[in-house]
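*Asks:* Pasting a predicted model and its sequence here:
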Amino acid sequence: MERATLRDVARLAGVSVATASKALNGQPQVRASTRARVLQAASQLAFSPNTLAQGLVTQRTGTVGLLTSDLEGRFSIPILMGAEDAFGTDQTSVFLCDARGDSIREKHHVRALLSRRVDGLIVVGARPDSRPSLGHDLPVPVIYAYAPSDDPRDLSLVVDNEGGGRLAVDHLIRCGRRKIAHITGDATYGAAQDRARGALARLTEEGLAVAGGEVWFGMWSEAWGRGATRMLLERHPDVDAIFAGSDEIARGVLDVLHEERLDVPGRVAVVGYDNWTILTANARPPLTTIDMNLEQLGRVAAQRLFTAIGGTLGSGTEKFAPKLVTRESTAPLR
């Protein structure tokens, strides 16, 4: 069978070739009923637009580069999935490049992506701290996601980690907990400081002090979660809730609470952070946690980039609220 053409679609839909083209390209001046008729005809004929020809007209290739330094894909993959959902797989393809935290490799990937005439770039950091800007001499718009650019003229989309800390402690307070400790990761991470700041602010609003009088900063690991929990219980055995700065730390917390035969959540409630499903769903009991909503962040990044490709690129930093995911590791205090 010969490949269907735009003229064939227009003839089947009973419209002009110009109207069929406008309908397929989402132009607003086409009535909904007409657009539906054209789309139905295109589907019936298995019509596929010539992407190369479209690109010559619109000066766009329908491709976007996603540049990351997240070696494990822990943060970049959800953002990629959200971006692809927003772009639509039949409209825009996303090329994923891993710079592995190497600035030279990153520059190489940027050159390679530009040589392929991508329409824009989404840059995802490995940690939620500011990173160097790619500059403003690139021929395509750039959106920074998860890790903000250090240049306020760039547009950066980040998670509200301070709000996440408040959300975790607020949940524990609503569960009737009053002796709440906070065990978290590396103090040099802005996210660790932000989550602690939010947690302490919410405790202060309630007239409470953090259990032990300090935030337990350490490593982003189960081992640190175990070690910190043992020290915490030695000094403050009456603790009734622990907010962990990551799900990995929370798993270590749970290990020690089980070893000490302290019922979770009856005796001690535990909240994690990240909603890393492989850890949260398989914890015993399943772990209540804060979800950074990275897929939504990816969707918004794609929408902002799509707008920027059309000629309107914003600037500054936009913060997006995480959400609480409740599971069996927290419950009202009896």
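*Replies:* Nice, thanks for sending it over.
*Asks:* all strands in the stretch 201-334 of the chain, in order from the N-terminus.
*Replies:* 241-244, 269-273, 288-291, 316-320, 323-325 (DSSP state E, counting those that start in this stretch).
*Asks:* so which of these gets nearest E162?
*Replies:* Among the strands of the stretch 201-334 of the chain, the nearest to E162 by Cβ to Cβ is strand 316-320 (8.6 Å). Placement of C-beta: from N, CA and C, glycine included.
*Asks:* which residues in this protein form helices?
*Replies:* Under the criterion DSSP state H, the chain carries helices at the ranges 6-13, 17-24, 32-44, 51-58, 76-87, 103-115, 161-174, 190-205, 222-235, 247-259, 277-280, 294-309.
*Asks:* what does the average pLDDT come to for the shortest one?
*Replies:* In this model, helix 277-280 carries a mean pLDDT of 90.
*Asks:* And for stretch 75-84, what's in contact with it?
*Replies:* 64, 66, 68, 70, 94, 96, 98, 122, 124, 126, 145-146, 294-302 (Cβ atoms under 8 Å, 6 or more residues apart in numbering).
*Asks:* about what we covered before: quick one: closest of the helices of the chain to P141.
*Replies:* Minimum separation from P141 across the helices of the chain (Cβ to Cβ) falls at helix 294-309, 3.6 Å.
*Asks:* Just list what that closest one packs against, helices and strands only.
*Replies:* Here helix 294-309 touches helix 76-87, strand 121-124, strand 142-145, strand 155-159, strand 316-320, going by 3 or more Cβ pairs under 8 Å, 6 or more residues apart in numbering; DSSP states H and E.
*Asks:* out of the strands of the stretch 201-334 of the chain, nearest to T5?
*Replies:* T5 sits nearest to strand 316-320 of all the strands of the stretch 201-334 of the chain, at 43.1 Å, using Cβ to Cβ.
*Asks:* in that closest one, what counts as buried?
*Replies:* F320 (16 or more other Cβ atoms under 10 Å).
*Asks:* Distance from that strand to the middle of the chain?
*Replies:* Relative to its chain's centre, strand 316-320 lies at 13 Å (Cα atoms, centre = their mean, to the nearest Å).
*Asks:* cool, and stretch 119-128?
*Replies:* The answer for stretch 119-128 is 11 Å, by Cα atoms, centre = their mean.
*Asks:* Distance across it, terminal residue to terminal residue?
*Replies:* 25 Å (Cα to Cα, to the nearest Å).
*Asks:* Name the residue closest to the centre of this structure, please.
*Replies:* What sits nearest the mean C-alpha location of the chain, by Cα atoms, centre = their mean, is L294, with 1.7 Å.
*Asks:* For the nearest residue to G316 once chain neighbours are set aside, what are phi and psi?
*Replies:* In this structure, G316 finds its nearest non-sequential neighbour in P152, 6.2 Å apart by Cβ to Cβ, 6 or more residues apart in numbering. When read as degrees, to the nearest 10, the backbone of P152 gives phi -60, psi -10.
*Asks:* Now do the same contact list for P152.
*Replies:* Contact partners of P152, counting by Cβ under 8 Å, 6+ apart, are S315, G316, T317.
*Asks:* Can you add distance to W220 and give the residues you listed back as TSV?
*Replies:* As requested, the contacts of P152 are arranged in TSV below (distance: Cβ to Cβ, whole Å):
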residue	distance to W220
S315	31
G316	29
T317	23
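*Asks:* of those residues, closest to A244?
*Replies:* When the contacts of P152 are ranked by distance to A244 (Cβ to Cβ), T317 comes first, at 26.3 Å.
*Asks:* I figured that closest one hits R153, correct?
*Replies:* No - counting by Cβ atoms under 8 Å, T317 does not reach R153; the two are 11.2 Å apart.
*Asks:* ends of stretch 64-81, how far apart?
*Replies:* 13 Å.
*Asks:* What residues of that stretch count as buried?
*Replies:* Within stretch 64-81, the residues that count as buried by 16+ other Cβ under 10 Å are 64-70, 75-80.
*Asks:* Relative to A4, which of those is nearest.
*Replies:* V64 (27.7 Å).
*Asks:* ok, G266 - how many residues close by?
*Replies:* 11 (other Cβ atoms under 10 Å).
*Asks:* Provide a list of residues in contact with the nearest residue to R230 once chain neighbours are set aside.
*Replies:* Leaving out its chain neighbours, the residue that sits closest to R230 by Cβ to Cβ, 6+ apart is V256, at 5.6 Å. V256 makes contact with G225, R226, T229, R230, L233 under the criterion Cβ under 8 Å, 6+ apart.
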